[in-house]
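Q: Fold the following, please.
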Amino acid sequence: MYYIYHIPERKKIGVSDNLTARMKKHKWNGFFEILECHTDIYKVSDRELELQKEYGYPVDKRKYWQTINVISNKGRTKGGNWHKGKKHEWAKKSRKLTYDDAQQIRAEYALGSINQSQLARMYGVFPATINGIVNNKTYTTP
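A: Predicted structure coming up:
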């Protein structure tokens, strides 16, 4: 579950799946409220930005799901999940992207505002991975 929280004194609207840890990171013991709860990371990412605009607060440059993706990809090596000739069940378990990530990549690419190389950099994968996704060769089933 993802929570959109509001800290009025700091003029802050944010998202977290663990509010206790998030408030500790903010070093915040004061009042905060939960504005909305969502199960879809993409929906909550859009709503966070909408609410920031609505309240007149600074708007994040990156959507929540993109921030989480960048954080989760730190420390990984390019293509480090593949070993010669062993791409079967083991490969599925070690994938960087999820089926939902692939669906989002297809949707973004279909809009035409971003190319495959940009998507590869955004998701921390090789352009060939993105090409396989947008051409429905990989990540075709959940």
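
Q: Quickly note the distance from Tyr99 to Ser45.
A: Distance of Tyr99 to Ser45, given as CB to CB, to the nearest Å: 18 Å. Bear in mind the C-beta positions are built from the backbone N, C-alpha and C, glycine included.

Q: out of those two, which sits in the busier spot?
A: Each of Tyr99 and Ser45 had its neighbours counted (other CB atoms under 10 Å), and the higher figure belongs to Ser45 (22 against 12).

Q: May I see the buried residues of the helix or strand containing that one?
A: Secondary structure from DSSP states H and E places Ser45 in helix 41-55. Neighbour counts using 16 or more other CB atoms under 10 Å place 41, 44-45, 47-49, 51-52 of helix 41-55 among the buried residues.

Q: cool, stretch 34-41 as well?
A: In stretch 34-41, counting by 16+ other CB under 10 Å, buried: 38, 41.

Q: picking that back up, identify the farthest-apart pair in the buried residues of helix 41-55.
A: Ile41 and Gln52 (16.8 Å; CB to CB).
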